[in-house]
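Chemist: give me a 3D structure for the following:
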Amino acid sequence: MNDLALSIADTGLPHPLLVIAARAAIAAGDPDSAASEAQRLRRSLLGPAVNATGVLLHTNLGRAPLGNQHSRSALGPDLDDHPVRFSNLEFDLASGRRGSRAAHASLLLATLTGAEAALVVNNCAAAVTLVLAALARGRGVAVSRGELVEIGGGFRVPEVMEQSGARLVEVGTTNRTRAADYLAAAERDDIALLLKVHPSNYRITGFTEEAAVTELAKIGPPVVSDLGSGLLDERCPWLGERPGWLTGEPGARQTLAAGAALVTFSGDKLMGGPQAGIICGTADLVAACAAHPLMRAFRPGSLVLDALQSVAMAYLRRDADAIPFWRMARVPVDELAERAEALGVGRPSRTTALAGAGSLPGQEIPSAGIELDGDYAAALRAFDPPVIARVNEQTTVLDLRTVDPADDTVVAAAVRDALEGQS
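Modeler: Residues are numbered from 1 along each chain as shown. Alright, predicted model coming up:
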């Protein structure tokens, strides 16, 4: 087996993985397939892919793509690359004593959202769970029946609430919930929080009504607004203007200004950063969350905080091009169409892109790319690096809004390879 493993060393995998491939080939009764097994194993590992689906925040492809920028470049040119680099993750440079890993991001995120303080955990579900556990364990939390959502992976708000130890108090109806419904719950029950959950992955239309944060803030219990998608500011100052496809999406800054005590949202959706859950709001409530035992389980590592800091600094500089999501989202359609023509393969066409990741349901973003008659999705995925496309009614669509211009040559080569393989 070892000799067989050594014979496929040119695949570039470490020897222990070559042994696994060799063992699988022998078990299948086909030692000659060892190289193929090694290739299959290599492709199963985390690696790069070209997103040509037109879904900007594709959950299965890592949501918001991260650029090569790093916090040290954001902080200044004096911090050059070094072979080994530690960080002041939990070290107070002023006192020389242990510091808080929450402090670095807190100032930046609070500045961006107008909050008194901020806290970072590993995803938005963790943020909501932590808030409920820290502020409402054993007490009631009023939620509209129309906001008891299920997010990706089958996670449901009632189940998250149950795990936190808080007690769900349903108010209103599926399509209409008024401030009076929350007030009635607060008057008849021990309500710790009023929770609003933004319907970021669905829409209820027609005969509908919901209570505004400004109304709920007058009732008494703190208002917590789970925004989910993570638009920091409705004005989009980093762009100069608010794109039309963001119409109706609430911003963290405006929600806090309207009276919410806390907002929670994802770092890897409209914020365009790494996977993270962010809690912003009043200093006392954020501090209570930070002091809860669950924070130890939910806290992010240095790589996440490093990447989040880099993205936050780009927002503060109003440098949208430093954030790949916004850089891709704002490319003019005519420019995408020119790139589609320049590929020299397929049929250039106007398409529609989507934000994705449960953000902005139903909102389409004008785009452009190429089309191929037939289903070439599998052949494109087999290319190295894999190119991920979408198929609509036996037409393969490669949308260039989600493709970095540097990967246009990869897309063209993958299409040619797929077409030749089908001929």
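Chemist: and the helices in the stretch 1-150 of the chain, which stretches?
Modeler: 2-7, 15-27, 34-44, 71-75, 102-113, 124-136 (DSSP state H, counting those that start in this stretch).
Chemist: what is the burial count for the nearest residue in space to Ser33 that is not next to it in sequence?
Modeler: Once flanking residues are discounted, Ser33 sits nearest to Ala25: 4.6 Å by Cβ to Cβ, 6 or more residues apart in numbering. Any C-beta I mention is one placed from the backbone N, CA and C, and that applies to glycine too. Ala25: 22 surrounding residues under other Cβ atoms under 10 Å.
Chemist: who's in contact with Ala25?
Modeler: For Ala25, the contacting residues are 4, 31-34, 36-37, by Cβ atoms under 8 Å, 6 or more residues apart in numbering.
Chemist: tell me which of the helices of the stretch 1-150 of the chain is the most buried.
Modeler: helix 124-136 (a mean of 25; mean count of other Cβ atoms under 10 Å).
Chemist: show me what that helix is packed up against.
Modeler: Judged by 3 or more Cβ pairs under 8 Å, 6 or more residues apart in numbering; DSSP states H and E, the packing partners of helix 124-136 are strand 117-121, helix 157-164, strand 191-197, strand 223-228, strand 262-266, strand 277-281, helix 283-291, helix 294-298.
Chemist: any idea how far the third one is from the chain center?
Modeler: On the basis of Cα atoms, centre = their mean, to the nearest Å, strand 191-197 is displaced by 24 Å from the centre of the chain it belongs to.
Chemist: ok, and what's touching the helix or strand following it?
Modeler: Per DSSP states H and E, strand 191-197 leads on to helix 213-216 as the next helix or strand towards the C-terminus. Applying Cβ under 8 Å, 6+ apart, the external contacts of helix 213-216 come out as 179, 182, 194, 196, 223, 225, 255, 258-260.
Chemist: now helix 213-216: buried residues?
Modeler: Judged by neighbour count using 16 or more other Cβ atoms under 10 Å, the buried positions of helix 213-216 are 213, 215-216.
Chemist: and stretch 406-414, by the same measure?
Modeler: In stretch 406-414, counting by 16+ other Cβ under 10 Å, buried: 407-408, 410-412, 414.
Chemist: which two of those have the greatest separation?
Modeler: The most widely separated members of those, counting by Cβ to Cβ, are Asp408 and Ala414 (10.7 Å).
Chemist: show me the protein divided up by domain.
Modeler: Following automatic domain parsing, the chain resolves into domains at 14-44, 50-65+331-422, 86-320.
Chemist: any idea how far the shortest one is from the chain center?
Modeler: To tie it back to what came earlier, the one meant is domain 14-44. That offset, for domain 14-44, works out to 34 Å (Cα atoms, centre = their mean).
Chemist: what about it, start to end distance?
Modeler: Start-to-end span of domain 14-44 (Cα to Cα, to the nearest Å) is 14 Å.
Chemist: let me see the mean pLDDT of it.
Modeler: Averaging pLDDT along domain 14-44 gives 89.
Chemist: give the buried residues for stretch 132-151.
Modeler: Using 16+ other Cβ under 10 Å as the test for burial, stretch 132-151 gives 132-136, 139-144, 146-147, 149, 151.
Chemist: convert the C-alpha atoms of it to PDB, please.
Modeler: Extracted C-alpha coordinates of stretch 132-151, given in PDB (Å, rounded to 0.1, in the frame of the first residue of the first chain):
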ATOM      1  CA  LEU A 132     -31.800  35.800  25.000                       C
ATOM      2  CA  ALA A 133     -29.800  33.700  27.500                       C
ATOM      3  CA  ALA A 134     -28.200  36.800  29.100                       C
ATOM      4  CA  LEU A 135     -31.200  39.000  29.200                       C
ATOM      5  CA  ALA A 136     -34.300  36.900  29.300                       C
ATOM      6  CA  ARG A 137     -33.600  33.400  30.700                       C
ATOM      7  CA  GLY A 138     -36.600  32.100  32.600                       C
ATOM      8  CA  ARG A 139     -38.700  35.100  31.400                       C
ATOM      9  CA  GLY A 140     -41.000  35.900  28.500                       C
ATOM     10  CA  VAL A 141     -39.900  37.300  25.100                       C
ATOM     11  CA  ALA A 142     -42.700  38.800  22.900                       C
ATOM     12  CA  VAL A 143     -42.400  37.900  19.200                       C
ATOM     13  CA  SER A 144     -44.900  38.400  16.400                       C
ATOM     14  CA  ARG A 145     -46.300  35.200  15.000                       C
ATOM     15  CA  GLY A 146     -45.400  36.600  11.600                       C
ATOM     16  CA  GLU A 147     -41.700  36.700  12.600                       C
ATOM     17  CA  LEU A 148     -41.200  33.100  13.900                       C
ATOM     18  CA  VAL A 149     -39.000  32.400  11.000                       C
ATOM     19  CA  GLU A 150     -36.900  29.400  10.000                       C
ATOM     20  CA  ILE A 151     -33.400  30.200   8.700                       C
END
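Chemist: of the buried residues of helix 213-216, which is the nearest to Glu371?
Modeler: The shortest approach to Glu371 among those belongs to Val213, at 43.6 Å (Cβ to Cβ).
Chemist: roughly how far does the closest one sit from Gly277?
Modeler: Distance of Val213 to Gly277, given as Cβ to Cβ, to the nearest Å: 20 Å.
Chemist: cool, Leu360 as well?
Modeler: On the measure of Cβ to Cβ, Leu360 and Gly277 end up 19 Å apart.
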